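Chemist: structure for the following, please:
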Amino acid sequence: MKTNRLVLALGLCSALSLMGMSSANAAQKATKNVAVSRTRSGIYRPAPGSTEYKAILHSFRAAWLKGSEHKNVVFPVDRLSVKGRWACIFCIPQAPNGGNHYGFDGAPMRRQNGKWKVLQLIRGENACALPCLKRKFPQMPTEIYPQA
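Modeler: Next up is the predicted model:
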């Protein structure tokens, strides 16, 4: 799979360089939506700035803000794993200047009808979250959940 993407990116770079675009610029554009890394089990972290990364973060942000009195918040991503239609994200919500931190929050997510949906917000580091999530969402691949 990686080889196919690399061949496609290199082919695109060659074609674009013939049109006057630099190879470095073409490679950057060609690989923008490619995952940073993918394991043998199919788990990967979408590249920051990619369409998938933005969609997951947007959905998480909307769910988090819905239940919070804090509205001016940024969400640095600590952990993000995707496998198939499942994702698990953990962020450190904080004030834009980094002064106030509002916990270490996360969520299991599922892509439904082309959109990422938060299944349950996890506020703080909840030790019992994984066993509870396994019971509630038995189809969720547990490998996407961060290990302690």
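Chemist: got any ranges where this structure has weak pLDDT?
Modeler: Along the chain, the parts satisfying pLDDT under 70 run over 1-40, 125-128, 147-148.
Chemist: break down this protein into its strands, ranges please.
Modeler: 37-38, 44-45, 77-83, 86-91, 105-112, 115-118 (DSSP state E).
Chemist: mind putting those into CSV with distance to Gln139 and mean neighbour count?
Modeler: From N, CA and C alone the C-beta is placed, and that goes for glycine too. Listed next are the strands of the chain as CSV, based on distance: least, C-beta to C-beta, whole Å; neighbours: other C-beta atoms under 10 Å:
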stretch, distance to Gln139, mean neighbour count
strand 37-38, 21, 12
strand 44-45, 19, 19
strand 77-83, 11, 18
strand 86-91, 8, 24
strand 105-112, 9, 21
strand 115-118, 14, 17
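Chemist: who wins for proximity to Tyr145 among the ones you listed?
Modeler: strand 86-91 (5.2 Å; C-beta to C-beta).
Chemist: tell me, how many residues neighbour Trp64?
Modeler: Neighbourhood size, Trp64 [other C-beta atoms under 10 Å]: 22.
Chemist: for Ala107, see how far away it is.
Modeler: According to C-beta to C-beta, to the nearest Å, Trp64 and Ala107 sit 8 Å apart.
Chemist: so what sits against both of these two?
Modeler: Listed as contacting both Trp64 and Ala107 by C-beta atoms under 8 Å, 6 or more residues apart in numbering are Leu121.
Chemist: ok so, going back, now render the strands of the chain as JSON lines, adding distance to Ile56.
Modeler: JSON lines is the format used below for those (distance: least, C-beta to C-beta, whole Å):
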{"stretch": "strand 37-38", "distance to Ile56": "16"}
{"stretch": "strand 44-45", "distance to Ile56": "10"}
{"stretch": "strand 77-83", "distance to Ile56": "7"}
{"stretch": "strand 86-91", "distance to Ile56": "6"}
{"stretch": "strand 105-112", "distance to Ile56": "6"}
{"stretch": "strand 115-118", "distance to Ile56": "5"}
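Chemist: if anything else comes up later, I'll come back, but that's it for now.
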